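Asks: Have a look; sequence and predicted model below, questions after that.
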Amino acid sequence: MTLAIYFGKRYLISFIRVFLSIVLLVLLFDFLTNLNRLNGIEAQIWNALILSLLRTTTYLSLAMPLIIMLSALAFSVSLSRSNEFIVLRASGVSALKGLFPVISSAFFLGLISIFMLDPLAGKMIGYYNIKLDKLRSKEQSQVLINDNGYWMRQATLNGHQIIKAVNVSNNGQRLHQVTIFNYDENGLVTERFFSESAALGNNELLLTNAIKWSDTKIKKNPIIANEKIKKLKIKTEITPTQLLDGYASPETISPWNMNKQIQKVKSSGFSVLKYQSKKMEQYARPFLFIVMVVLGTVFTLQNSRARNVGISVVLAVASGFFLHFFQNFCTTLGRSGEIPLIIATWSPILSIGLIAMTLFLHYEDG
C-alpha cells in the first residue's frame, strides 16, 4: 500500500508539472497568434490574453492523451535514473504490478477529462467565438437553432428576410411549417408567407401551397390581404449544410447532454456520425490514457546505465505521437462513414495497447 501511494504521488506530481508546462506553452503561442489576429483593435494585448485564456482549455482537452504519455515518461525516467525499478523487481514485485497505481491514476484522470475538462472547454470555446465576433464587428451566423425551431436571416434588395421552420427532414433539404417575414429598410414587416412544407435546393426555397399576407393590404382591407400561391420560389444562399452547422459542434457538447443532442439532430434528418463518434471517444478515453501510460514507461524500464536513455525517450515520444495521430486518422474515417465507428475508436487503442503490453513484458523479463 505504501508503495502504491508513493508511485501514485510521484506520477501525479509529474502530471502536474507537465500539465502546467503545456498550459504555459499553449497560452504563449495562442497569445502571439491572437496579437496578430487583432492587429489594430483597441486594447489589443488585453483582448488577445482573454481570447487565449478562453481557447486554451480546448487545446488542453485535445492534448490530454499526449500530456498523460509525457507525464508517464517523466515519471518512468526519474525512477529509472534512481534504479527504483530495479529495486522493485529485485524485491519480487513485477513492474506491471508496481505501475498499477499509475495506471489507476491515468484512468481517473480520463474520467476527470470527460466530465470536467470537456464541458469547461465547450463553454469556453463558445465564449471565445462570441468574443471574437464582437471584436471583429462580425454579424452572427445566418442560422440559429433553438427549442422553437430553425431561424434563418438573409439580406434582400429592400431590407432583409427572416425564415423560420419548426423542423427539418431529409438531411436538411425539407423544411416543415415554414413562416417567412419580409422586412423593409426601416425594419417594418411588409409581407408574410406561410407554408406547411418547403424544399431547400440550389439557391432557392420552394414553397408549396403557400399563403401570402401583405401588411399594406391588411391596413386597407383585411378581407383581401391574403393570397394563396400553389408554388412560390424564393432565392436564398442558405444551404442544408448551414442548417447542420447551426448545431453545436460535438466538441462543445457536455457528456451529460450528448444523448439529447444526438436525438435532436437525428430527428431533424441529419447524420449523427460525428456526435456518436465523440460519444464513443469519451467512453474510450480512460483506456486510451492507460495505453499512453504503458507507452510512456515501456522503453525506460531498464537500468539507465544499461542503455541510452535518450533513445528510450525518443522511442516513447514517437510511439505516443503515432498513437495520437493514428487515433485521429481513424476517427476521421469513422465520422465520414468509411469504417464503422466501433472500429475507428477502439482498433488503435487495442492494437497499440497489445503491442505495448508485449514489449512491456519482454523488457521486464529481459
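Replies: Right, received. Where do you want to start? Residues are numbered from 1 along each chain as shown.

Asks: CA only for contacts and neighbour counts going forward, please
Replies: Will do.

Asks: Distance-wise, check the closest residue to L120 other than its chain neighbours relative to M292.
Replies: In this structure, L120 finds its nearest non-sequential neighbour in T57, 7.3 Å apart by CA to CA, 6 or more residues apart in numbering. Distance, T57 to M292, using CA to CA, to the nearest Å: 20 Å.

Asks: The two: which is more packed in?
Replies: Neighbours were counted for T57 and for M292 using other CA atoms under 10 Å; M292 has more, 34 against 23.

Asks: So what touches stretch 159-168?
Replies: Stretch 159-168 has contacts (CA atoms under 8 Å, 6 or more residues apart in numbering) with 148-155, 174-187, 268-269.

Asks: These in helices, which ones?
Replies: In helices, judged by DSSP state H, none of the contacts of stretch 159-168 are found.

Asks: Which among these count as buried?
Replies: 150-154, 174-176, 178-183, 268-269 (16 or more other CA atoms under 10 Å).

Asks: Can you say which two of those are spatially most distant?
Replies: Y183 and G269 (30.2 Å; CA to CA).

Asks: name the element the nearest residue to L66 once chain neighbours are set aside belongs to?
Replies: Spatial nearest neighbour of L66, chain neighbours left out: G320 (6.7 Å); criterion: CA to CA, 6+ apart. Assigned by DSSP states H and E, G320 belongs to helix 309-335.

Asks: for that helix, packing partners?
Replies: For helix 309-335, the packing partners by 3 or more CA pairs under 8 Å, 6 or more residues apart in numbering; DSSP states H and E come out as helix 44-81, helix 273-298, helix 341-365.

Asks: For the residue nearest the centre of the chain, which non-adjacent residue is closest in space?
Replies: Note on the chain: the residue nearest the mean C-alpha position is E251, at 2.1 Å, using CA atoms, centre = their mean. Residue nearest to E251 in three dimensions, not counting chain neighbours: G122, with 6.2 Å by CA to CA, 6+ apart.

Asks: How about the helix or strand that neighbour falls within, which residues are buried there?
Replies: Per DSSP H and E: G122 is located in helix 118-135. For helix 118-135, a neighbour-count test (16+ other CA under 10 Å) marks 118-125, 128, 131-132 as buried.

Asks: Tabulate the residues you listed (JSON lines), appending pLDDT.
Replies: Shown next, in JSON lines, are the buried residues of helix 118-135 (pLDDT from 0 to 100):
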{"residue": "D118", "pLDDT": "85"}
{"residue": "P119", "pLDDT": "85"}
{"residue": "L120", "pLDDT": "88"}
{"residue": "A121", "pLDDT": "86"}
{"residue": "G122", "pLDDT": "80"}
{"residue": "K123", "pLDDT": "83"}
{"residue": "M124", "pLDDT": "86"}
{"residue": "I125", "pLDDT": "82"}
{"residue": "Y128", "pLDDT": "83"}
{"residue": "K131", "pLDDT": "79"}
{"residue": "L132", "pLDDT": "76"}
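
Asks: out of those residues, who's nearest M258?
Replies: For the buried residues of helix 118-135, the nearest to M258 is P119 (10.8 Å; CA to CA).

Asks: Map the structural domains onto the sequence of the chain.
Replies: 2-137+268-365, 143-244 (automatic domain parsing).

Asks: Pick the most buried one from those.
Replies: domain 2-137+268-365 (a mean of 18; mean count of other CA atoms under 10 Å).

Asks: Tell me which helix or strand in the protein has the weakest average pLDDT.
Replies: helix 215-220 (a mean of 60; mean pLDDT, DSSP states H and E).

Asks: what distance separates the helix or strand that comes right after it from the middle of the whole chain?
Replies: The C-terminal neighbour of helix 215-220 among helices and strands, as given by DSSP H and E, is strand 226-235. Centroid separation for strand 226-235 versus its chain: 41 Å, with CA atoms, centre = their mean, to the nearest Å.

Asks: Who are the contact partners of the residue nearest to E251?
Replies: 58, 251-254.

Asks: Can you tell me what sits against stretch 96-106?
Replies: Taking CA under 8 Å, 6+ apart as the rule, stretch 96-106 contacts 3-5, 7-8, 11-12, 68, 88, 286, 289-290, 293.

Asks: could I get these as TSV with pLDDT?
Replies: Below are the contacts of stretch 96-106 laid out as TSV (pLDDT from 0 to 100):
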residue	pLDDT
L3	74
A4	76
I5	83
F7	82
G8	85
Y11	90
L12	92
I68	94
L88	71
P286	94
F289	94
I290	93
V293	92
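
Asks: which of the residues you listed sit farthest apart?
Replies: L88 and P286 (26.3 Å).

Asks: Roughly how far does the residue nearest to E251 sit from L62?
Replies: Using CA to CA, G122 is found at 12 Å from L62.

Asks: ok, now S347?
Replies: For S347, the distance to L62 - CA to CA - is 19 Å.

Asks: Name the SS class of the closest residue in space to I45 that isn't next to it in sequence, please.
Replies: Closest residue to I45 apart from its sequence neighbours, by CA to CA, 6+ apart: L35 at 6.6 Å. State at L35, reduced to three classes by DSSP: H, G, I helix; E, B strand; the rest coil: helix.

Asks: do the same with the one 4 residues further on
Replies: Put simply, N39 is coil when judged by three-state DSSP.

Asks: could we number from 5 for the rest of this?
Replies: Renumbered: residue one is now 5, and that last one reads N43.

Asks: residues contacting D122?
Replies: 62, 65, 255-256, 258-259.

Asks: Farthest pair within these?
Replies: Longest span within those, CA to CA: T62 and P259, 14.9 Å.

Asks: is R157 in a bridge, and if so with what?
Replies: I166 (DSSP bridges).

Asks: Is K168 in a helix, a strand, or coil?
Replies: For K168, the assignment made with three-state DSSP gives strand.
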